[in-house]
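Peer 1: Sequence first, then the predicted structure, then my questions.
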Amino acid sequence: MSASNPFDGGYGTPGSSRSFSGDRRGGGRPQYMTVGAGSTSEAAARLQAMLDQDSGYGGSVADGEGAENVWHPGPSEDRFTPDHTPVKPGESNAASENERRMVASHVHQLFYNQNRTALARAINQTVDTMRKLQEMNAKWPAHYPTVRRPSSPPALHKPDVRPGMHHTQSTADNHRELERPPSRPMPPRRAGTSLGEHQSAESSSQAEAKAPEVAPPRLVTPQLAQEFSVLKIELKMQGLAQSEIVHSLEKQSVAALLDNQINNSIRHLFALRERIEDTSSKVLVTGDLNAGKSTFCNALLRRKVLPEDQQPCTSIFCEVLDVRENAGVEEVHAIPHGFVYSRNDESTYSVFDLKQLEDIVVDSDRWSQCKIYIKDIRPVNQSLLNNGVVDIALIDAPGLNNDSLKTTAVFARQEEIDVVVFVVSAANHFTLSAKEFIFNAAREKAYMFMVVNGFDNIRDKRRCQEMILKQINHLSPATFKESSELVHFVSSNAIPVAAAPGGPPDGGSGSGGSGGSSFGENKPDKPEDEEDGPSGKHGEPGSPPKSKGKGKEKEAQDDFNELELSLRRFVLEKRARSKLAPAKTYLNNVLGDLTTLATVNRDVAQNELDRVTEELKQLEPVFEQSKKARSQADDQVATNIEETANAVYTLTRDTLTSAIARVAESDLGVQYTGVFGAYSYADDVKAAMLSQVAETVRWCEERAREKTVQGVSSIKSLGLLHLGEEYVDLTFRSEKMFRSRRDALARQVDFETEVWDFFDLTSLWEKQEKVAGTSMAVTVAGVVGGRMLGGVGWLDGAMTATKIVGTNNIRRVILPGLVLGIALGVSYAISQIPNSLPKRLSAKLSAQLAQLDYTHANSTRVSGEVRRALKYPADKLREGLQRSVEHLQEQRKETVKVQIESEVARKYFGNLVRESGEIQTRVQRVDLEGPAPGTAGME
Ligand SMILES: Nc1nc2c(ncn2[C@@H]2O[C@H](COP(=O)(O)OP(=O)(O)OP(=O)(O)O)[C@@H](O)[C@H]2O)c(=O)[nH]1
């Protein structure tokens, strides 16, 4: 019994002859048969030609990758959709009807190819775009958006409750948030790993447009949220929200994480491309323990292949394949753990007989999975495995429980799983593990085929249906929307099955079976043949009496037949949805992510560009000012030093010159102790003079020190003026100046005191002229004495005296007068020593100092030291100014660099927004839902 309005579409042509020339899997092109008596119509031939010409990628792909290199199988290799509804032989206008159906199938196939082409091209373009993004990300680390955590997890992720987007920057200085423009159709779907965060389901466009995207987020385990991520950066850091972690990471680390995500995404896209190019389909049958999965699979095969048991038995994945895939040999290949199955490599599996399957399926310690090659005994138009269109594999999964849930979830996610058939016990409904599985699988497989099994056990069937459909609506809204096609309430054990190979014919499962012969074509259509049906054997105790049971069996088998038709339609006709939808939804999601990422980064780049442009505008005058200040301060400091040094030089020179000139006049403080101490007096005077000169030098040095201190402080003011806080103050220790030895002077000045130095005759003479009444004797004595003392020509002196005194008196006066005169003269001269000696010595000292160039040398030394002392802070100031200029220059260079980079990034991300938007639009235009033209009218 289907949930509502089961449509059988009127497909199927039992009796229609269809044959394929060549090996279906060997690459030979299938030949489409004309059904009925007529030949292929013109329209069909035209369509066939179109299909043959349509390379899948057409001639429109210029870049080549999509066209020739990737899409190997031509579209004609994919088979057209078969007719399903049995048309009884001899039915009126069967030929034209069949022909019409075939044309419709071709059209359907053509559309399928177009969609497949469009998606494959979109995959190629997306991969190209993502690779370019990786290049950009390496140069300009992209900023990564995160999703704001909802305060309380919404029950359903409806578009209007989508979380707003937060942009998280990885750098502290650049932190800002960007709100998503409200008009943007796709929300960001990245979130942290917590249960409160989730991403939207990957669903078909229809599901996206009309249905809430995901089931309650509380069901998302961190593990699965990660597995279903697209460009999400997953970080496993305990106790930290993702946004916080992203903040705490370096920009480069985020870029590296994104790069990694892109790589994963590209890998996934390649897998999807391979998948859409693959013509086979895998059907995974899963569900709770003991829900009747194996019984259901056997019912589908009309053959008891898989072991059924009342207690859990299937503990490994059992993949049932058509025997043609194994060169026509029925057998089981059991794959041990750790091996990757390859049919052509026997070392990867062990071969068993079908009879041994019972032992294999329970031995999960030894085997990871098994491949069961069997011959589907049903005709092509009824067989699922051998349907003539797609290679189908049926996979019986272990019952969902805590241990296998994850494995099954991972299995269900595999790209090659096209259809998930979920078997749920009508009596038990959905368990927690079932709900979790469905919710998560719904992300990848928007549609799920639901088999509510054991319906025979239910008394209030309507209530059971209502309750289960309500749960499905909650778990997989997309499936619920098509519940008439996708949800079936059946009793698998009501289906007569052939006995296991080698065993007696077996009807139902487990506890009993229907007549072994009841499998085969058209059986369900003949309830009257069901004498030996399963009625009463697998029903609950107290099942209805036989006559009533017969009706029930018929009903159960009809329901199952209906299920089979739907499943065939789902797998075969709607394989576009099951095969192409994952590619479409993933592309849609990843392109949405790309657009989000690009929008965020374009805005970030724009903001950065604005910021640095403004920064540059402000920096430019500061830089110019700094350069000007440097040269100004340079000049000022140089002038300052020069002026100070010159002033010190002048002061020292003048002071010293006058001090030396006047050294004799000053009070030297030396006591004259008489003629006998004249020599020591002379030494003392000399020492005192030298010390006075040295003292003067010291005085000059002191003034120079003061000037230097002033100079240093004026340099400091300049520094503070131009460098502000950057100015490094130096402590100037002026006492360290002029530390060189000052007693050098005594060693330099070396002159002997001579006798003449004691008598300054010139001055004596001058004095005598000035003093009136000084006796002639004194004069004579002076003259004579002078001459005598001069030691040369004393007679001349005597003669001169004679002339003056007169000849008569000479004899009387000459001797005593002479003696007296000399005595007086000598005593006078001696008395004048304290006056004469300093002058003489001073003159000598001056002369020697002049000879030594003492004044100039000292002035140069003192001013030189001043210059040296000032040079250090001046150099430091210059360095500081230079650094400041260089710093600004560097800053300017850096800002210009950032300006150029953000300009490039803005353009790039602007283009990326456009590009990914365009690809996304093309992807969204791929309509996997609408009926193919030509078939619509037939349903
Ligand atoms: N009444 C009734 N019993 C059924 C139905 N389908 C299966 N059973 C019984 O349920 C029991 C379990 O069936 P299995 O097919 O082994 O169940 P399973 O889900 O494959 O079990 P595991 O693989 O062990 O998880 C068997 O005894 C079946 O006969 C049904 O539609 N109605």
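Peer 2: Looks like it came in fine.

Peer 1: make it CA atoms for all contacts and neighbour counts henceforth
Peer 2: Will do.

Peer 1: So for stretch 880-895, mean pLDDT?
Peer 2: For stretch 880-895, mean pLDDT rounds to 89.

Peer 1: and that stretch, which residues are buried?
Peer 2: 880-882, 884-885, 888-889, 891-892, 895 (16 or more other CA atoms under 10 Å).

Peer 1: Check which helices and strands the host helix or strand of V913 sits against.
Peer 2: Assigned by DSSP states H and E, V913 falls within helix 854-925. Using 3 or more CA pairs under 8 Å, 6 or more residues apart in numbering; DSSP states H and E, the elements in contact with helix 854-925 are helix 94-139, helix 581-661, helix 678-723.

Peer 1: between the ones you listed, which gets nearest to the ligand?
Peer 2: Nearest to the ligand among these is helix 581-661; the distance by CA to the nearest ligand atom comes to 27.0 Å.

Peer 1: Now do the helix holding V913 against helix 581-661, angle only.
Peer 2: Angle between the axes of helix 854-925 and helix 581-661 is 170 degrees (criterion: axes from the mean of the first three to the mean of the last three CA atoms, to 10 degrees).

Peer 1: tell me which parts of the stretch 151-300 of the chain are close to the ligand?
Peer 2: Proximity of the stretch 151-300 of the chain to the ligand is confined to 289-295 under the rule CA under 6 Å from any ligand atom.

Peer 1: Then the chain?
Peer 2: Contacts of the chain with the ligand, taken as CA under 6 Å from any ligand atom, map to 289-295, 308-310, 312-314, 398-399, 453-454, 456-457, 491-493, 509-511, 538-539.

Peer 1: which among these end up buried?
Peer 2: When the residues of the chain next to the ligand are checked for burial by 16+ other CA under 10 Å, the buried set is 289-295, 308-309, 313-314, 398-399, 453-454, 456-457, 491-493, 509-510, 538-539.

Peer 1: Which of those fall in strands?
Peer 2: Per DSSP state E, strands hold the following members of these: N453.

Peer 1: quick one: which of the buried ones among the residues of the chain next to the ligand sit in helices?
Peer 2: 293-295 (DSSP state H).

Peer 1: What is the nearest of those to V685?
Peer 2: K293 (132.4 Å; CA to CA).

Peer 1: ok, that closest one - contacts?
Peer 2: By CA atoms under 8 Å, 6 or more residues apart in numbering, the contact list for K293 reads 285-287, 396-397, 423.

Peer 1: Please enumerate residues in contact with stretch 122-129?
Peer 2: 65-66, 266, 269-270, 273, 587, 591, 912, 916, 919, 922-923.

Peer 1: Over to stretch 451-458?
Peer 2: So stretch 451-458 is in contact with 291-292, 421-427, 461, 464, 487-493, 539-540, 556, going by CA under 8 Å, 6+ apart.

Peer 1: Name only those of the residues you listed that count as buried.
Peer 2: Using 16+ other CA under 10 Å, the buried ones in the contacts of stretch 451-458 are 291-292, 421-427, 464, 487-493, 539, 556.

Peer 1: Tell me how many other residues surround the closest residue to T673 other than its chain neighbours.
Peer 2: Distances taken as CA to CA, 6 or more residues apart in numbering place Y681 nearest to T673, at 7.4 Å, with adjacent residues excluded. When neighbours are defined as other CA atoms under 10 Å, Y681 has 21 of them.
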